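Engineer: 3D, please:
(one chain, ligands or ions: 1)
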Amino acid sequence: MTDPTRSTERSTDPDCLFCKIVAGQIPATVVHEDEATVAFRDLEPQAPTHVLVIPRHHVRTAAALAAERPEDAAALLAAVARVAEQEGIAESGYRTVFNTGADAQQSVFHAHLHVLGGRAMTWPPG
Ligand code: AMP
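Structural biologist: The predicted structure follows:
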(Lines give C-alpha, C1' and ligand atoms only; values in the text may rest on other atoms or scores of the structure.)
Protein backbone atom coordinates (compact mmCIF):
# COMPACT_ATOMS: atom_id res chain seq x y z
CA MET A 1 0.00 0.00 0.00
CA THR A 2 1.21 3.50 -0.78
CA ASP A 3 2.47 5.52 2.18
CA PRO A 4 0.13 8.57 2.29
CA THR A 5 2.78 10.63 4.08
CA ARG A 6 5.14 10.40 1.11
CA SER A 7 4.77 12.57 -1.93
CA THR A 8 4.63 10.56 -5.13
CA GLU A 9 5.21 13.68 -7.17
CA ARG A 10 8.46 13.71 -9.08
CA SER A 11 10.88 16.38 -8.09
CA THR A 12 12.65 18.13 -10.94
CA ASP A 13 15.23 20.88 -11.03
CA PRO A 14 14.66 23.30 -13.93
CA ASP A 15 18.41 23.95 -14.13
CA CYS A 16 19.38 20.28 -14.21
CA LEU A 17 20.67 18.88 -17.50
CA PHE A 18 19.45 15.35 -16.78
CA CYS A 19 16.01 16.56 -15.67
CA LYS A 20 15.79 18.21 -19.08
CA ILE A 21 16.66 14.89 -20.73
CA VAL A 22 13.98 13.14 -18.65
CA ALA A 23 11.48 15.81 -19.75
CA GLY A 24 12.51 15.46 -23.41
CA GLN A 25 13.69 19.08 -23.54
CA ILE A 26 17.22 18.04 -24.51
CA PRO A 27 17.74 15.22 -27.02
CA ALA A 28 19.37 11.98 -25.92
CA THR A 29 19.69 8.50 -27.35
CA VAL A 30 17.42 6.67 -24.94
CA VAL A 31 18.03 2.92 -24.85
CA HIS A 32 15.66 1.95 -22.05
CA GLU A 33 13.08 3.57 -19.83
CA ASP A 34 10.56 2.58 -17.23
CA GLU A 35 8.41 4.28 -14.65
CA ALA A 36 11.32 5.18 -12.37
CA THR A 37 14.38 5.37 -14.65
CA VAL A 38 15.73 6.51 -18.01
CA ALA A 39 18.87 5.10 -19.68
CA PHE A 40 20.64 6.93 -22.49
CA ARG A 41 24.01 6.91 -24.26
CA ASP A 42 26.76 9.07 -22.79
CA LEU A 43 27.69 11.98 -25.06
CA GLU A 44 31.40 11.23 -24.59
CA PRO A 45 31.60 7.44 -24.48
CA GLN A 46 34.56 5.95 -22.62
CA ALA A 47 33.91 2.42 -23.89
CA PRO A 48 32.06 0.83 -26.86
CA THR A 49 29.00 0.72 -24.60
CA HIS A 50 28.62 3.70 -22.27
CA VAL A 51 25.12 4.23 -20.99
CA LEU A 52 23.92 6.43 -18.13
CA VAL A 53 21.02 5.13 -16.06
CA ILE A 54 19.28 7.82 -14.06
CA PRO A 55 16.24 8.11 -11.81
CA ARG A 56 13.46 10.28 -13.22
CA HIS A 57 13.24 11.87 -9.79
CA HIS A 58 15.87 14.55 -9.18
CA VAL A 59 18.35 13.77 -6.41
CA ARG A 60 21.93 14.98 -6.44
CA THR A 61 23.88 11.85 -5.56
CA ALA A 62 23.67 8.08 -5.17
CA ALA A 63 23.72 8.51 -1.39
CA ALA A 64 20.74 10.86 -1.54
CA LEU A 65 18.95 8.41 -3.83
CA ALA A 66 19.45 5.56 -1.37
CA ALA A 67 18.30 7.71 1.54
CA GLU A 68 15.34 9.42 -0.10
CA ARG A 69 14.20 7.01 -2.82
CA PRO A 70 15.39 3.48 -2.03
CA GLU A 71 12.83 2.03 -4.44
CA ASP A 72 14.38 4.10 -7.23
CA ALA A 73 17.86 2.86 -6.25
CA ALA A 74 16.60 -0.70 -6.69
CA ALA A 75 14.93 0.23 -9.98
CA LEU A 76 18.23 1.69 -11.19
CA LEU A 77 20.04 -1.61 -10.60
CA ALA A 78 17.27 -3.55 -12.33
CA ALA A 79 17.49 -1.18 -15.29
CA VAL A 80 21.26 -1.71 -15.48
CA ALA A 81 20.72 -5.45 -15.84
CA ARG A 82 18.20 -4.85 -18.62
CA VAL A 83 20.54 -2.46 -20.42
CA ALA A 84 23.45 -4.90 -20.16
CA GLU A 85 21.32 -7.68 -21.70
CA GLN A 86 20.12 -5.35 -24.43
CA GLU A 87 23.63 -4.12 -25.22
CA GLY A 88 24.99 -7.68 -25.35
CA ILE A 89 27.49 -7.18 -22.53
CA ALA A 90 25.75 -9.14 -19.75
CA GLU A 91 27.92 -12.21 -20.42
CA SER A 92 31.21 -10.51 -21.36
CA GLY A 93 31.00 -8.19 -18.36
CA TYR A 94 30.66 -4.53 -17.66
CA ARG A 95 31.48 -1.91 -15.06
CA THR A 96 29.00 0.25 -13.16
CA VAL A 97 30.22 3.53 -11.67
CA PHE A 98 28.66 6.18 -9.47
CA ASN A 99 30.87 9.25 -9.33
CA THR A 100 30.13 11.18 -6.15
CA GLY A 101 31.59 14.60 -5.42
CA ALA A 102 34.69 16.48 -6.41
CA ASP A 103 37.37 13.79 -5.95
CA ALA A 104 35.40 11.44 -8.19
CA GLN A 105 34.87 14.26 -10.71
CA GLN A 106 31.10 14.16 -10.58
CA SER A 107 30.08 16.78 -13.12
CA VAL A 108 26.30 16.38 -13.28
CA PHE A 109 24.51 16.56 -9.93
CA HIS A 110 21.59 14.33 -10.79
CA ALA A 111 22.39 10.82 -9.57
CA HIS A 112 23.45 8.55 -12.44
CA LEU A 113 25.02 5.18 -12.86
CA HIS A 114 27.54 4.75 -15.66
CA VAL A 115 27.37 1.38 -17.42
CA LEU A 116 30.59 0.71 -19.33
CA GLY A 117 31.32 -2.37 -21.40
CA GLY A 118 32.41 -3.83 -24.72
CA ARG A 119 36.11 -3.77 -23.83
CA ALA A 120 38.32 -5.14 -21.06
CA MET A 121 38.53 -2.71 -18.13
CA THR A 122 41.63 -2.03 -16.09
CA TRP A 123 41.94 -1.87 -12.32
CA PRO A 124 42.51 0.31 -10.38
CA PRO A 125 40.45 2.90 -12.23
CA GLY A 126 42.16 6.23 -12.91
P1 AMP B 1 29.80 12.43 -14.10
O2 AMP B 1 31.14 13.01 -14.47
O3 AMP B 1 29.89 11.13 -13.38
O4 AMP B 1 28.94 13.45 -13.42
O5 AMP B 1 29.12 12.03 -15.48
C6 AMP B 1 28.39 12.90 -16.27
C7 AMP B 1 28.35 12.29 -17.64
O8 AMP B 1 27.34 12.91 -18.38
C9 AMP B 1 29.65 12.43 -18.43
O10 AMP B 1 30.16 11.15 -18.76
C11 AMP B 1 29.21 13.23 -19.66
O12 AMP B 1 29.89 12.81 -20.83
C13 AMP B 1 27.74 12.93 -19.73
N14 AMP B 1 26.93 13.93 -20.39
C15 AMP B 1 26.96 15.28 -20.22
N16 AMP B 1 26.02 15.86 -20.96
C17 AMP B 1 25.36 14.86 -21.61
C18 AMP B 1 24.27 14.84 -22.55
N19 AMP B 1 23.64 15.95 -22.96
N20 AMP B 1 23.88 13.63 -23.03
C21 AMP B 1 24.50 12.49 -22.63
N22 AMP B 1 25.51 12.46 -21.74
C23 AMP B 1 25.95 13.63 -21.26
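Engineer: any low-confidence regions in the chain?
Structural biologist: The model of the chain has pLDDT under 70 over residues 1-10.
Engineer: contacts for the longest helix that the chain contains?
Structural biologist: In the chain, assigned by DSSP state H, the helix with the most residues is helix 70-87. Helix 70-87 is contacted by residues 31-32, 34-37, 39, 49, 51, 53-57, 59, 62, 65-66, 90, 94, 96, 111, 113, 115, 117-118 when judged by C-beta atoms under 8 Å, 6 or more residues apart in numbering. Every C-beta, even on glycine, is put in place using the N, C-alpha and C of the backbone.
Engineer: how far does the lengthiest strand in the chain sit from the chain's center?
Structural biologist: If you go by DSSP state E, the chain has its longest strand at strand 49-55. Computed by C-alpha atoms, centre = their mean, to the nearest Å, the separation of strand 49-55 from the middle of its chain amounts to 5 Å.
Engineer: near the ligand, which residues of this protein show up?
Structural biologist: Within the chain, the positions lying close to the ligand (C-beta under 6 Å from any ligand atom) are 17, 26, 28, 40, 42-44, 52, 99, 105-108.
Engineer: wait, doesn't F18 sit right on V108?
Structural biologist: Yes: judged on C-beta atoms under 8 Å, F18 makes contact with V108 at a distance of 5.8 Å.
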